[in-house]
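Peer 1: what's the 3D shape of this:
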Amino acid sequence: MPDSANTSRSARVNAAIRQLLERGGIAALATIIEEPSPVGAKLLVQTTGETTGDLGDAALNSAVTEFAQQFLATRDEAHTFSVGDFAPDLTSLAATRILFERIQSEPRIVIFGAGHVGAALATFASFAGYRVTLVDDRAEFVSRERFPNELVELVPAESWTKAASKAIGKGRGVSVAIVTRGHAEDEECLRAVIDSTPDYIGLIGSKRRTNIVLDRLRATGTAEAQLANVRAPIGLDIGAVTPEEVALAILAEIVAERRSGTGGSLSQWRRIGKQGKGGTG
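Peer 2: Sure thing, here's the model as predicted:
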């Protein structure tokens, strides 16, 4: 027979996770997976510091609560640590192993503009495991005939502003790509989303075009800190030319932001090392 107290604690943790996902929050779930501490004990630690659950030791709860914030900052999905790795003072529990898991809603991309770049980005992002919402004010551009993939949500917008507010919600766990057909549409979309503080906002266009849009928002009171978070021009510099290549550059930057990647070449260290030694290849 399962221990009723353990069952009750587990139910509270599960309920807290459901509530967290419903409101788009982020937390770390710590689970003991190796003795001497009670195997299976869980502690949910939210980014606010609020906790649910119990690992069976007050000092361990405190240490895990503090370390959970460091774990979340790494953007790792899951990692196992010994207590000695992050709380060396807890010598009696040093060998206890704890699994830390990142808890958050599945990643979402909201794309404004269903032209060539937006269409390619929607397709690539869906393949990469993102939940995709594609918005355009031209209903024929967001028809199911163009996008038979049911995993891509299609939104014909009578108003960019209203569609943006509905699609983005609170912004947590959401990446926004603004790839519309003109300055006016870009500006309206950016105004509608910037206050929601999504995880990522990117604006397509040349330096000149994107500066025009940003300057207009600046002139009407948008804070510099908010404007600094806008990736404009959008995407990583991969020398993209075709719409598909541009979409790939955008998705790469979104993934890099989500995973705390640098966006650089993984082999750069090798070439730098050879150059330093006078090597040529």
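Peer 1: number of nearby residues for Ala11?
Peer 2: Residues near Ala11, counting by other Cβ atoms under 10 Å, number 10. In this view, the C-beta of every residue, glycine as well, is placed from N, C-alpha and C.
Peer 1: make that Val45, sorry
Peer 2: For Val45, using other Cβ under 10 Å, the count is 25.
Peer 1: surely it meets Asn61?
Peer 2: No - counting by Cβ atoms under 8 Å, Val45 does not reach Asn61; the two are 9.3 Å apart.
Peer 1: can you pull out the helices in the stretch 51-200 of the chain?
Peer 2: 58-73, 83-86, 116-127, 160-168, 183-193 (DSSP state H, counting those that start in this stretch).
Peer 1: list the buried ones in the first one?
Peer 2: Spelled out, it's helix 58-73. Buried residues in helix 58-73, counted by 16 or more other Cβ atoms under 10 Å: Leu60, Asn61, Ala63, Val64, Thr65, Phe67, Ala68, Phe71, Leu72.
Peer 1: list residues touching both of Val45 and Asn61?
Peer 2: Thr51 (Cβ atoms under 8 Å, 6 or more residues apart in numbering).
Peer 1: Give me the distance between the two termini of stretch 95-108.
Peer 2: Stretch 95-108 has an end-to-end distance of 38 Å (Cα to Cα, to the nearest Å).
Peer 1: Over it, what's the mean pLDDT, rounded is fine.
Peer 2: Across stretch 95-108, pLDDT averages out at 92.
Peer 1: where's Ala225, which helix or strand?
Peer 2: Assigned by DSSP states H and E, Ala225 belongs to helix 224-228.
Peer 1: name the helices or strands packed onto that helix?
Peer 2: helix 207-219 (3 or more Cβ pairs under 8 Å, 6 or more residues apart in numbering; DSSP states H and E).
Peer 1: to the chain's geometric centre, what's the distance from the helix it packs on?
Peer 2: 25 Å (Cα atoms, centre = their mean, to the nearest Å).
Peer 1: in stretch 111-127, what counts as buried?
Peer 2: In stretch 111-127, counting by 16+ other Cβ under 10 Å, buried: 111-114, 117-126.
Peer 1: ditto for stretch 14-21
Peer 2: For stretch 14-21, by 16+ other Cβ under 10 Å, it's Ala16, Ile17, Leu20, Leu21.
Peer 1: I'd like the buried residues of stretch 111-127 as TSV, with distance to Glu150 appended.
Peer 2: Converted to TSV, these look like this (distance: Cβ to Cβ, whole Å):
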residue	distance to Glu150
Ile111	16
Phe112	21
Gly113	21
Ala114	16
Val117	22
Gly118	18
Ala119	16
Ala120	18
Leu121	18
Ala122	12
Thr123	13
Phe124	17
Ala125	15
Ser126	10
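Peer 1: hmm, back to that, tell me which of the helices of the stretch 51-200 of the chain sits nearest to Leu99.
Peer 2: The closest approach between Leu99 and any of the helices of the stretch 51-200 of the chain, judged by Cβ to Cβ, belongs to helix 58-73 at 10.6 Å.
Peer 1: for that closest one, packing partners?
Peer 2: strand 26-34, strand 42-46, helix 83-86, strand 97-104.
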